[in-house]
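Asker: Just to be clear, the model below is a prediction. Sequence and coordinates:
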Amino acid sequence: MRSKIVAGNWKMNKTLKESKELANELKSVVENVTLDNTRVIVAPTFVNLTRVSEAVEGSAIEVAAQNMHQADSGAYTGEISGEMLKGIGLNSVILGHSERRAYFGEDDALLASKVDAALKNNLEIIFCFGEELEDRKSDNHFNVVGSQLKNGIFHLPSDAWKNVVLAYEPVWAIGTGETASPEQAQEMHAFIRNLIEETYNESVADNVSILYGGSVKPGNAEEIFSKPDVDGGLIGGAALKAEDFGAIIKAI
Ligand code: 13P
């Protein structure tokens, strides 16, 4: 059975002090809720990964990285490898976030190599994708999402999918306050699950968690999460406040 997941992408926010404060606050939130088949993940910035991991130790909160390089080591100044993430005890990494695609030129081919490198290092992949506003306006959103999946992650063999979580994040809904309607999210998630069934089989499709991301807030989380193919959320802005993130965890 696929898990429900609430994941917080802290992006380039929070100093070490602020990160530890938030981690400690979240730890008490999580201790006071029953997590029924639900995972809670936070993804702080690289420099704070170790200290946030220490802060949440002993709780149900998992820690993920926001990105990684595709090589294990070498002359890549400023980069961080999957081997290094594994080396500090991490088990998950976000790949393909729209901000990486838009501002750092990460294309499908590069992401496919990062996907392989993550798996090689036994890291679970939280693979992000989603269409831009123009794609939706021109009714091209299913094509765009289909091709991001085909070119970025559908090269994996079916047994690798136990280490994959998908996150559908329509670019027009990220940080804009405008969210996909629960119906739009459900429609796209069902399309994605169908595509996985066609490409692989029913069991892979049924077992993969598909998260929605884009302006999820305490006020809209419950309705979005109530849709049958929405298995949780990847949260940006609202993950930066324990009260809001806690309310979203409770909503699931
Ligand atoms: P917001 O929740 O701030 O829209 O960000 C979503 C996101 O990009 C999570 O990865």
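Answerer: Here it is on my side, so go on.
Asker: Determine the longest helix present in the protein.
Answerer: Across the chain, the longest stretch assigned as helix under DSSP state H is helix 182-199.
Asker: For that helix, output the C-alpha coordinates as CSV.
Answerer: The C-alpha atoms that make up helix 182-199 are tabulated as CSV, following Å, rounded to 0.1, in the frame of the first residue of the first chain:
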residue,chain,number,x,y,z
PRO,A,182,-8.7,19.6,-6.0
GLU,A,183,-10.4,18.5,-9.3
GLN,A,184,-7.4,19.7,-11.4
ALA,A,185,-5.0,17.9,-9.1
GLN,A,186,-7.0,14.7,-9.1
GLU,A,187,-7.4,14.8,-12.9
MET,A,188,-3.6,15.1,-13.4
HIS,A,189,-2.7,12.6,-10.7
ALA,A,190,-5.1,10.0,-12.3
PHE,A,191,-3.5,10.7,-15.6
ILE,A,192,0.0,10.1,-14.1
ARG,A,193,-1.0,6.9,-12.4
ASN,A,194,-2.6,5.7,-15.6
LEU,A,195,0.6,6.5,-17.6
ILE,A,196,2.6,4.5,-15.0
GLU,A,197,0.2,1.6,-15.4
GLU,A,198,0.6,1.7,-19.2
THR,A,199,4.4,2.0,-19.0
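Asker: Show me what the next helix or strand after that helix packs onto, helices and strands only.
Answerer: Using DSSP states H and E, the next helix or strand after helix 182-199 towards the C-terminus is helix 202-207. Based on contacts counted as 3 or more Cβ pairs under 8 Å, 6 or more residues apart in numbering; DSSP states H and E, the elements that helix 202-207 packs against are helix 182-199. No exception for glycine: its C-beta is placed from N, CA and C like everyone else's.
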